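A.B. asks: No letters, just coordinates:
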């Protein structure tokens, strides 16, 4: 995402808590003639900037890089813009929005969907929560790496929408896992089955992008199981607070804990199929 911003003509300063990653990124993009710079702290990266974008791991990580002693927000000037692409709880998104407003900083919670492939191709889907003014300021920036940008509502609405997104994906992958195993047990040609079902009501992004790799037991790419469990925990917590029953989501979350036990913590979420043994084809 930072690479797309640099290629779009922005001057990009990067900071990563693992300093070597940021340094390697800067070296690689400078070799392409791009105007990129390295910062050693989040506050250093944010100082004097028109816009600051964050994408880390979880609520605690985001609090550290935005609200901490060397956090970005304390170094931002009034009238600048903070865009957070991390998937976190709506609660911390609203907390950051309040602190940003008190400083005169526009803020947007803007989690993304589309995975590693979407980020690399610049075709992410972004669900946004914040003011109209923040949305207007952020949209031209996010267009560098997004195919779809939707303003859902006020602060926290983007994160709540991402929870909805992850719940839907979890259910899809559970059904898709059983579908692939059924086709294998029936002794069917998996390519022909895909051709037959992917053009109808069963079609989904997960089917189109993961059917073949699930059938081949290939999972070393994409969105990690650990991150999906983090996201489902956020969704389930929101559901509990709202008094909702979410039995399917809770069940799939348990299934993912089995995949972690099998050593699949860093594998793609489609590794959910690993917990299902292959039946004997007839």
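C.D. replies: Here it is on my side, so go on. Treat the numbers as computed from the prediction; the structure is a model and nothing was measured.
A.B. asks: what's the distance between the closest residue to residue 223 other than its chain neighbours and residue 4?
C.D. replies: Distance criterion C-beta to C-beta, 6 or more residues apart in numbering; nearest residue to residue 223, sequence neighbours excluded, is residue 115 at 4.8 Å. Glycine gets a C-beta too; all of them are placed from N, C-alpha and C. Remark: distance between residue 115 and residue 4 (C-beta to C-beta, to the nearest Å) = 15 Å.
A.B. asks: quick one, which of these two is more surrounded?
C.D. replies: residue 4 (19 against 16; other C-beta atoms under 10 Å).
A.B. asks: does the residue nearest to the spatial centre of the chain have beta-bridge partners, and which?
C.D. replies: Of all residues in the chain, the one closest to the mean position by C-alpha atoms, centre = their mean is residue 112, 4.7 Å from it. For residue 112, the beta-bridge partners under DSSP bridges are residue 126.
A.B. asks: How much space separates the residue lying closest to residue 15 once chain neighbours are set aside from residue 193?
C.D. replies: Once flanking residues are discounted, residue 15 sits nearest to residue 45: 3.9 Å by C-beta to C-beta, 6+ apart. Between residue 45 and residue 193 the distance is 49 Å, computed by C-beta to C-beta.
A.B. asks: what's the answer for residue 135, then?
C.D. replies: 43 Å.
A.B. asks: low-scoring stretches of this structure, by residue?
C.D. replies: 281-282 (pLDDT under 70).
A.B. asks: any idea how it splits into domains?
C.D. replies: 2-154, 161-275 (automatic domain parsing).
A.B. asks: So which of the ones you listed is the most surrounded?
C.D. replies: domain 2-154 (a mean of 18; mean count of other C-beta atoms under 10 Å).
A.B. asks: Need the distance between the two termini of that one.
C.D. replies: Counting by C-alpha to C-alpha, to the nearest Å, you get 25 Å between the two ends of domain 2-154.
A.B. asks: and for stretch 22-38, what are the contacting residues?
C.D. replies: Identification of contacts with stretch 22-38 by C-beta atoms under 8 Å, 6 or more residues apart in numbering yields 2-3, 6-7, 10-16, 39.
A.B. asks: Revised request: answer the last question for stretch 65-77.
C.D. replies: Outside stretch 65-77, the residues within contact range by C-beta under 8 Å, 6+ apart are 15, 17, 41-49, 52, 54, 56, 63-64, 82, 84, 95-96, 99-100, 103, 105.
A.B. asks: Tell me which of those fall in strands.
C.D. replies: Judged by DSSP state E, strands contain the following of the contacts of stretch 65-77: 52, 54, 82, 84.
A.B. asks: For residue 131, state which of those is nearest.
C.D. replies: Closest to residue 131 out of these is residue 82 (11.9 Å), distances taken as C-beta to C-beta.
A.B. asks: wait, isn't residue 81 in contact with residue 107?
C.D. replies: Yes: counting by C-beta atoms under 8 Å, residue 107 is a contact partner of residue 81 at 7.5 Å.
A.B. asks: Now do the shared contacts for these two.
C.D. replies: Common contact partners of residue 81 and residue 107 (C-beta under 8 Å, 6+ apart): residue 134.
A.B. asks: Include distance to residue 246 when you put the ones in strands among the contacts of stretch 65-77 into a markdown table, please.
C.D. replies: A markdown table is the format used below for these (distance: C-beta to C-beta, whole Å):
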| residue | distance to residue 246 |
| --- | --- |
| 52 | 34 |
| 54 | 28 |
| 82 | 31 |
| 84 | 25 |
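A.B. asks: Sort out which one of the contacts of stretch 22-38 lies nearest residue 181 for me.
C.D. replies: Residue 181 has its nearest neighbour among these in residue 3, at 38.1 Å by C-beta to C-beta.
A.B. asks: Look up phi and psi at that closest one.
C.D. replies: phi -60, psi -40 (degrees, to the nearest 10).
A.B. asks: show me what contacts it?
C.D. replies: Counting by C-beta under 8 Å, 6+ apart, residue 3 touches 25, 29.
A.B. asks: What separation do you get for it and residue 76?
C.D. replies: 23 Å.
A.B. asks: same deal with residue 59?
C.D. replies: 20 Å.
A.B. asks: Is it correct that residue 108 is in contact with residue 129?
C.D. replies: Yes: counting by C-beta under 8 Å, residue 108 touches residue 129, with 6.9 Å between them.
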